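J.: okay, here's the prediction I keep looking at, along with the sequence it came from:
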Amino acid sequence: MEIVGSDGHRSVPIEKGNGRASCYSTCFLAYKTLGVVFGGLVTSPLYVYPSMNLKSPDEMDYLGIYSIMFWTLTLIGVVKYCCIALKADDQGEGGTFALYSLLCRHTNISILSSKRNDLKSDLHNSNQLDGNRKKNWLVNFFEQSVVARRVLLFIAMLGMCMLIGDGILTPAISVLSAMDGLRAQFSSVSKSVVMALSAVVLIALFLLQKFGTSRVSFLFSPIMGAWTLTTPMVGVYSIIHYYPSIFKALSPHYIFHFFLKNGKEGWMLLGGTVLCITGAEALFADLGHFNRSSIQIAFMFTIYPSLVLTYAGQTAYLIKHPNDHDDGFYKFIPKSVYWPMFIVATLAATVASQSLVSATFSIIKQSVVLDYFPRVKVVHTSRNKEGEVYSPEINYILMVLCVAVVLVFGDGKDLGNAFGVVVSLVMLITTILLTLVMLMIWRLPFVLAALYFTVFFIMEGIYVSAVVTKIPEGGWLPFAISVILAFIMFGWFYGRQKKFEYETTYKITLDDLRILLEGSEVQRVPGICFFYSNIQDGLTPVLRHYIKNMRSLHKVTIFTTLRYLLIPKVPQHERIVIKRFGLRGVYGCVIQYGYADSLNDEGDYIVNQVIDSLQVHIQTSTGPSLSNPLSIEEELMELESARHVGVVHVRGKTKFHISKGNSWFDKIMLAFYEVLHSNCRSALPTLHLPIGQRMEVGMFYEA
């Protein structure tokens, strides 16, 4: 992954002593969330009723549907996401894969024993569990069962892939539903014109992403603020004008009456009603772009009341005009404010796309950092927030797919079916992972966790059972996207696991290196060599390959590891960590950097910093050892002499050698991994070093 710092976020830094400043900053951040986090959720009235296949609905049907939507928003939106899920962050990050990462950090359940465990911790890791804390039965079960760990990884991957699918479908259905308002006023406007205009709007949206979430939210928040304020005002007008007693539907008995009357048809309509909560997952997944308090304030005091009143107004109108459900949003807008509302709706639908686009960037970044996704370029667009990121490759892939979805699936009902599948499955997966967090990390009483799981699993399970029937009618699309993404993730994961196993088996220990250097055929050539390696416990097998073939090693060799930490900036005195290996001219070096640190403009500067730090380390060391008989003065002179000769930077470039003896599964997966590996970005951030100083050592790993 290439990390480019330009601007950053974990939470806005606020001084503890200034309560007024703290309150103001949180409220301002809550305002900014309107343009990013809640777009998909608050614009759902555009397509919920049009996505339902209603047949001659009457007053009781609409009251039952509104009751279902109200309790879905309350239980899933308020209770599950706003009050519970937001507390289950992984160092400021949210989303399904962050939950999996959280479980892996606190328990030994990761399938891939990462060679870069430092990625999961920072300099001030206050969130780690006490190592002496007794493990409960569930932790022991997952640690002892490989099958259970693989199933858990699969669930996390599926949730991530579904959320990316959500990031493709949300912009498509939001913009298409808003632009469809043209056809309500101009019968001459064809569906193809609406699709073309929607595609243009989507392209413009994705071209704005490079400016970063902060700037985009600054531009988008006024639009969403206008939408969040005007739609409930129209809703209140509709309630008063058409059906003032609409809020009697808050009684759950209307839900039971709805299902008793409609039976199977009522159950199948849940595939449309579930869209009222679409975008709620972004509320959790976008946590890294803002903070918990700002999201909670914005949701509870603006988004939730706005949706409750807007849906109440729509339902009140439809009770008096039961056959207008296919255009349930624009028909309930008074003619006198139709065009202003159309403009606001179109702008809001464009903004709505931002929530899942930002969430997609976040989860891709999490997966790349944890080595579960091919490395792509990740640009940090804020100096204050680690989670605020942008990926050019992912952005343009999303743009192409969104436009393709609009042009191929122009029918709103087909898109609604696909959307319902994604929304319900992601919610169900989040419920499963959150329950595990409650039991394995929070250590809540089993009764409380079981109560949470039972309520939400049954509720979301019913939604899933309804939307699964829509798979042939457009619901197959997110599954196709998820299968492709899951195959990419698993192929990358499998190749990285095999590579880690090989490097662990054939790693070079200091004793091995000592024996290699004692060979008479190995020469110590003048100069300094920075030999890059990612292995923390030992040295890369590429080193043995290099020494045996080159029959030499530089007189001063510094085994260097670049360590990415989840903090904004690493203090200068902690940036470089030097270690003596006890061998003549052989040292270890770790260069630590945070998400707002840029290594791309340092070049020779960082090299000089390492050498200067090494000199200081030698001067403060204990003197010569048996393997390194030089005195401190002699060691410093040797280092300075090597510095004047020149510097070379060596890194390994490895590939798998797939022999005929490998199984067909290994042949397919490793060949696929090599395709991914050869087309992804380098694991080593570019240091802008002179071309003449760089060297790559190729090596085949036996699969």
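T.: Done, it's in. Numbering: from 1, shown residues only.
J.: please count neighbours and contacts with C-alpha atoms only from this point.
T.: Fine.
J.: now the strands: where do they sit in the stretch 451-600 of the chain?
T.: Per DSSP state E, counting those that start in this stretch, the stretch 451-600 of the chain carries strands over the ranges 523-532, 552-564, 576-583, 586-593.
J.: including mean pLDDT, distance to Val36 and mean neighbour count, could these go into a markdown table?
T.: Putting the strands of the stretch 451-600 of the chain into a markdown table (pLDDT from 0 to 100; distance: least, Cα to Cα, whole Å; neighbours: other Cα atoms under 10 Å) gives the following:
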| stretch | mean pLDDT | distance to Val36 | mean neighbour count |
| --- | --- | --- | --- |
| strand 523-532 | 92 | 39 | 20 |
| strand 552-564 | 89 | 27 | 21 |
| strand 576-583 | 88 | 37 | 17 |
| strand 586-593 | 88 | 28 | 20 |
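J.: and the ones you listed as TSV, adding distance to Gln497?
T.: Shown next, in TSV, are the strands of the stretch 451-600 of the chain (distance: least, Cα to Cα, whole Å):
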stretch	distance to Gln497
strand 523-532	20
strand 552-564	20
strand 576-583	28
strand 586-593	23
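J.: figure out which of those is closest to Ile397.
T.: Minimum separation from Ile397 across the strands of the stretch 451-600 of the chain (Cα to Cα) falls at strand 552-564, 26.2 Å.
J.: which other helices and strands does the closest one contact?
T.: Under the contact criterion of 3 or more Cα pairs under 8 Å, 6 or more residues apart in numbering; DSSP states H and E, strand 552-564 touches strand 523-532, strand 586-593, helix 632-645.
J.: now the angle between strand 523-532 and that strand, please.
T.: Here strand 552-564 points in a direction 10 degrees away from that of strand 523-532 (axes from the mean of the first three to the mean of the last three Cα atoms, to 10 degrees).
J.: which strands border strand 552-564, and is each parallel or antiparallel?
T.: Partners of strand 552-564 in the sheet, by DSSP bridges, are strand 523-532 (parallel), strand 586-593 (parallel).
J.: returning to what we had before: of the helices and strands packed on strand 552-564, which approaches Leu158 most closely?
T.: For Leu158, the closest of the helices and strands packed on strand 552-564 is strand 586-593, at 31.3 Å, according to Cα to Cα.
J.: rewinding a little: dump the strands paired with strand 552-564 into JSON lines; add distance to Val78 as well.
T.: As requested, those are arranged in JSON lines below (distance: least, Cα to Cα, whole Å):
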{"stretch": "strand 523-532", "distance to Val78": "49"}
{"stretch": "strand 586-593", "distance to Val78": "38"}
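J.: centroid residue for the protein?
T.: Ile363 (0.9 Å; Cα atoms, centre = their mean).
J.: surely that residue and Met160 touch.
T.: Yes - under the criterion of Cα atoms under 8 Å, Ile363 makes contact with Met160 at 7.1 Å.
J.: shared neighbours, the two?
T.: With Cα atoms under 8 Å, 6 or more residues apart in numbering applied, the overlap between the contact sets of Ile363 and Met160 consists of Gly95, Phe97.
J.: what's around Val422, how many residues?
T.: 29 (other Cα atoms under 10 Å).
J.: quickly find the element holding it.
T.: helix 412-440 (DSSP states H and E).
J.: tell me the helices and strands packed up against that helix.
T.: Packing partners of helix 412-440 (3+ Cα pairs under 8 Å, 6+ apart): helix 96-106, helix 137-144, helix 146-179, helix 270-273, helix 280-285, helix 446-468, helix 476-505.
J.: got the contact list for the fourth one?
T.: The one in question is helix 270-273. Contact with helix 270-273 is made by 48-49, 51-52, 65, 68-69, 416-417, 420-421, 463, 466-467, 470, as judged by Cα under 8 Å, 6+ apart.
J.: now the fifth one
T.: Applying Cα under 8 Å, 6+ apart, the set of residues contacting helix 280-285 from outside is 37-38, 40-41, 77, 81-82, 85-86, 93-96, 163, 295, 355-356, 359, 362-363, 423, 426-427.
J.: got it, and the second one?
T.: The contact list for helix 137-144 (Cα under 8 Å, 6+ apart) reads Thr107, Asn108, Ile109, Ala148, Arg149, Leu439, Met440.
J.: what sits against the last one?
T.: For Met440, the residues meeting the contact criterion (Cα under 8 Å, 6+ apart) are Leu103, Asn136, Leu138, Val139.
J.: now for those: which two are most distant?
T.: Distance extremes for the contacts of Met440: the farthest pair is Leu103 and Asn136 at 13.5 Å, using Cα to Cα.
J.: more neighbours: which of these two?
T.: The residue with more neighbours, out of Leu103 and Asn136, is Leu103; 21 against 12, by other Cα under 10 Å.
J.: just the CA atoms of stretch 457-477, as CSV, please.
T.: Output of stretch 457-477 as CSV, limited to C-alpha atoms (Å, rounded to 0.1, in the frame of the first residue of the first chain):
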residue,chain,number,x,y,z
PHE,A,457,-31.2,-11.9,14.3
ILE,A,458,-34.9,-12.8,14.0
MET,A,459,-35.8,-9.3,12.7
GLU,A,460,-33.0,-9.1,10.1
GLY,A,461,-33.4,-12.8,9.3
ILE,A,462,-37.0,-12.3,8.3
TYR,A,463,-35.8,-9.4,6.1
VAL,A,464,-33.2,-11.6,4.5
SER,A,465,-35.7,-14.4,3.9
ALA,A,466,-37.9,-11.9,2.0
VAL,A,467,-35.2,-10.4,-0.2
VAL,A,468,-33.7,-13.8,-1.1
THR,A,469,-36.8,-14.4,-3.2
LYS,A,470,-35.8,-11.3,-5.3
ILE,A,471,-32.5,-12.8,-6.4
PRO,A,472,-33.8,-13.7,-9.9
GLU,A,473,-35.3,-10.1,-10.3
GLY,A,474,-32.1,-8.1,-9.9
GLY,A,475,-31.0,-9.4,-6.5
TRP,A,476,-28.3,-11.5,-8.2
LEU,A,477,-26.2,-8.4,-9.0
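J.: show the pLDDT at Pro571.
T.: Predicted confidence (pLDDT) for Pro571: 84.
J.: now do it against Gln91, distance only.
T.: 19 Å (Cα to Cα, to the nearest Å).
J.: which one's more surrounded, the two?
T.: Between Pro571 and Gln91, Gln91 has the larger neighbour count (other Cα under 10 Å), namely 21 against 11.
J.: dihedrals phi and psi, the more buried one?
T.: Gln91 adopts backbone torsions of phi 50, psi 50, taken as degrees, to the nearest 10.
J.: next: Lys655.
T.: Backbone torsions of Lys655, given as degrees, to the nearest 10, read phi -140, psi 160.
J.: tell me the contacts of it?
T.: Glu674, Gly698, Met699, Phe700, Tyr701.
J.: can you select the buried ones from those in PyMOL?
T.: The PyMOL command for the buried members of the contacts of Lys655 (criterion: 16 or more other Cα atoms under 10 Å) is given here:
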select buried, resi 674+699+701
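J.: among the contacts of Lys655, which ones are in helices?
T.: The helices, defined by DSSP state H, take in Glu674 from those.
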